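Novice: Below are the sequence and a predicted model for it; my questions follow.
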Amino acid sequence: MAKIARELTAIEVSRLTVPGHHAVGGVVGLYLYVNGVSARSWVLRLVVGDKRRHIGLGGYPTVTLAQAKDKARRIREEVANGHDPIHQRKVVISRIKAQQASAITFEKAAEGYLDSHGDAWRNAKHRAQWASSLATYAYPFFGKVLVRDISVEHVLTALKPIWKEKNETASRVRGRIESVLDWASARNYRSGDNPARWKGLLDKLLPAPSKIKVVEHHRALPIDEAPAFVASLRMQSGVSALALEFAILTAARSGEVRGARWEEIDMPAALWTVPKDRMKAGKEHRVPLNSQAMEILDAVKESDRSGLVFPAPRGGMLSDMTLTALMRRMKVDAVPHGFRSTFRDWVSERTNYPRELAEQALAHVIENKVEAAYRRGDVLEKRRAMMAGWGEFLSSPLAHLSRKCRDDA
């Protein structure tokens, strides 16, 4: 049987200043550990099962003698009921640490998603746009909220102010929030349904984008006005005029032309191969070059050591506004991208080429998955004949004369 120490009074305990372990009585195994006048603490010594335990009860005098006795009695009662207080404490601490480890904010979760999917973006600009949209439209509302606590109300608070006025942006932001929360669920940072999902949730709370989105088509020239514009364009000087004409002749996007490099051009084969990382659909695109496009390449061949086919006058790529600014100076109510629509109208209304051939030339994504699965090639040679016809249509006698005048100037 354990020896029962004489029960000390509160005053006697206050006088225990000699270093060592002092039994204070009242509860078996209750000691005051003294490591100096200012370093005293309560310890309960007891056996739990076959293990000896020393359980700290707090420092003295913050924890008084009476409080230490109460704590010691409760612990002995727990042990008598078959519980190990130290094991229970470890379990609690472990649970707290686990909760702390999983308690990350939405902003941190978004950073984690971006780091995990770093290779999914075609370039740094797209990744920056992705992150910027969340920083602008989501973080102010719930960026600092723990990701496990994000609810439908949080998402709606961010989306409602922009859902009607900026629906395309809002739809992208919603999808990005959904992706971040899916990532958080996969990493066990949250559980339950995704509050940003559209189908079956937000589609019941917000109007469908198709019902409120204002479709703003790129302004395009009518088919019959295109040759006259090209004739006028050939009177303009400078690399921007050549780049715009090349874009029109190839039905390519402005960015594809402005970023075109000589290693992408096969002059003997009259072929331009745009790598997938520069294409909107992320797929390599081959462009058959008609004779008019080849004339432009002959005019600018090896004019710049950077490797760009159409370099800016001060070096580097032409800006995305360069071609638009040129058209504004020419007082034309259209935009460069609109010539893709003009080309599409020409194919449909003035030729017998099938719709699919024009879509292939425009590098459009095939929406029909079955059709996409069966279309293996890019019908290059058929497209070559179509693009030759497009070049001839644009090059009326007036256009040829304009090119000659520019070359003679």
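Specialist: That came through, no problem. Bear in mind the structure is a predicted one, so any value in this text is a computation, not a measurement. Numbers count the residues shown, from 1 in each chain.
Novice: pLDDT score assigned to residue 402?
Specialist: Per-residue pLDDT puts residue 402 at 43.
Novice: Make residue 1 into 860 and carry on from there
Specialist: Yes, from this point I'll number from 860; that puts the last item at residue 1261.
Novice: Of all residues in this protein, which one is nearest the centre?
Specialist: Central residue of the chain (CA atoms, centre = their mean): residue 989, 3.8 Å from the mean position.
Novice: In terms of helices and strands, where is that residue?
Specialist: Using DSSP states H and E, residue 989 maps to helix 983-996.
Novice: repeat for residue 966
Specialist: Per DSSP H and E: helix 965-975 holds residue 966.
Novice: If you count neighbours, what's buried in that helix?
Specialist: For helix 965-975, the buried set under the neighbour-count rule, 16 or more other CB atoms under 10 Å, comprises 965, 966, 967, 968, 969, 971, 972, 973. Using the backbone N, CA and C atoms, a C-beta is placed for each residue, glycine as well.
Novice: Any chance of TSV for these, columns distance to residue 1056?
Specialist: What follows is the buried residues of helix 965-975, written out as TSV (distance: CB to CB, whole Å):
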residue	distance to residue 1056
965	16
966	20
967	21
968	16
969	17
971	20
972	16
973	20
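Novice: right, and the residue nearest to the centre of the chain touches residue 1032 too?
Specialist: No - with contacts defined as CB atoms under 8 Å, residue 989 does not count as touching residue 1032, sitting 9.9 Å away.
Novice: Next secondary structure after the helix or strand bottoming out on mean pLDDT in the chain?
Specialist: In the chain, the helix or strand scored least confidently by mean pLDDT, DSSP states H and E is helix 1228-1233, which has a mean of 43. Heading C-terminal from helix 1228-1233, the first helix or strand you meet, by DSSP H and E, is helix 1239-1253.
Novice: For this protein, which segments count as strands?
Specialist: 879-882, 889-893, 899-907, 910-919, 1124-1125, 1130-1133, 1144-1147 (DSSP state E).
Novice: And the contacts of the helix holding residue 966?
Specialist: Residues from elsewhere that reach helix 965-975 (CB atoms under 8 Å, 6 or more residues apart in numbering): 963, 986, 989-990, 993, 997-998, 1001-1006, 1009, 1038-1040, 1042-1043, 1046, 1048.
Novice: any idea of the mean pLDDT for that helix?
Specialist: 90.
Novice: go on, stretch 1062-1071?
Specialist: 83.
Novice: Pop the domain breakdown of the protein in here.
Specialist: Listed by automatic domain parsing, the domain ranges of the chain are 869-960, 965-1071, 1082-1267.
Novice: quick one: the second one to chain centroid distance?
Specialist: By that I understand domain 965-1071. Computed by CA atoms, centre = their mean, to the nearest Å, the chain-centroid distance of domain 965-1071 equals 9 Å.
Novice: Just give the nearest non-adjacent residue to residue 1131, would you?
Specialist: The shortest distance from residue 1131 to any non-neighbouring residue, by CB to CB, 6 or more residues apart in numbering, is to residue 1146 (4.2 Å).
Novice: That neighbour reaches residue 1130, doesn't it?
Specialist: Yes - counting by CB under 8 Å, residue 1146 touches residue 1130, with 7.1 Å between them.
Novice: out of the two, which sits in the more crowded spot?
Specialist: It is residue 1146, of residue 1146 and residue 1130, that has more neighbours when counted by other CB atoms under 10 Å, with 27 against 15.
Novice: For the helix ranked longest in the chain, give me every contacting residue.
Specialist: Identified as the longest helix of the chain according to DSSP state H is helix 1026-1045. If you take CB under 8 Å, 6+ apart as the criterion, helix 1026-1045 is touched by 963, 965, 968-969, 971-972, 975, 989, 992-993, 996-997, 1006-1007, 1009, 1014, 1017-1018, 1021-1022, 1049-1051, 1053-1057, 1061, 1068, 1071-1072.
Novice: which residues touch stretch 1182-1200?
Specialist: Contact with stretch 1182-1200 is made by 1076-1080, 1085, 1088, 1091-1092, 1095, 1099-1100, 1102-1103, 1106-1107, 1110, 1112-1113, 1117, 1221, as judged by CB under 8 Å, 6+ apart.
Novice: and that stretch, how far from the chain's centre?
Specialist: 31 Å.
Novice: same check, this time on stretch 1200-1210
Specialist: Worked out by CA atoms, centre = their mean, stretch 1200-1210 lies 36 Å from the chain centre.
Novice: avg pLDDT for it?
Specialist: 91.
Novice: For that stretch, list the C-alpha coordinates in PDB.
Specialist: In PDB, the C-alpha atoms belonging to stretch 1200-1210 read as follows (Å, rounded to 0.1, in the frame of the first residue of the first chain):
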ATOM      1  CA  SER A1200     -16.200  35.200 -90.200                       C
ATOM      2  CA  THR A1201     -15.900  36.800 -93.700                       C
ATOM      3  CA  PHE A1202     -13.900  33.700 -94.800                       C
ATOM      4  CA  ARG A1203     -16.500  31.400 -93.300                       C
ATOM      5  CA  ASP A1204     -19.300  33.300 -95.100                       C
ATOM      6  CA  TRP A1205     -17.300  33.100 -98.400                       C
ATOM      7  CA  VAL A1206     -17.000  29.300 -98.100                       C
ATOM      8  CA  SER A1207     -20.600  28.900 -97.300                       C
ATOM      9  CA  GLU A1208     -22.100  31.300 -99.900                       C
ATOM     10  CA  ARG A1209     -19.600  31.500-102.800                       C
ATOM     11  CA  THR A1210     -18.100  27.900-102.900                       C
END
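Novice: So, low pLDDT: which residues of the chain?
Specialist: Regions of the chain meeting the criterion pLDDT under 70 cover residues 860-863, 895-896, 945-961, 977-982, 1071-1077, 1161-1164, 1225-1237, 1256-1268.
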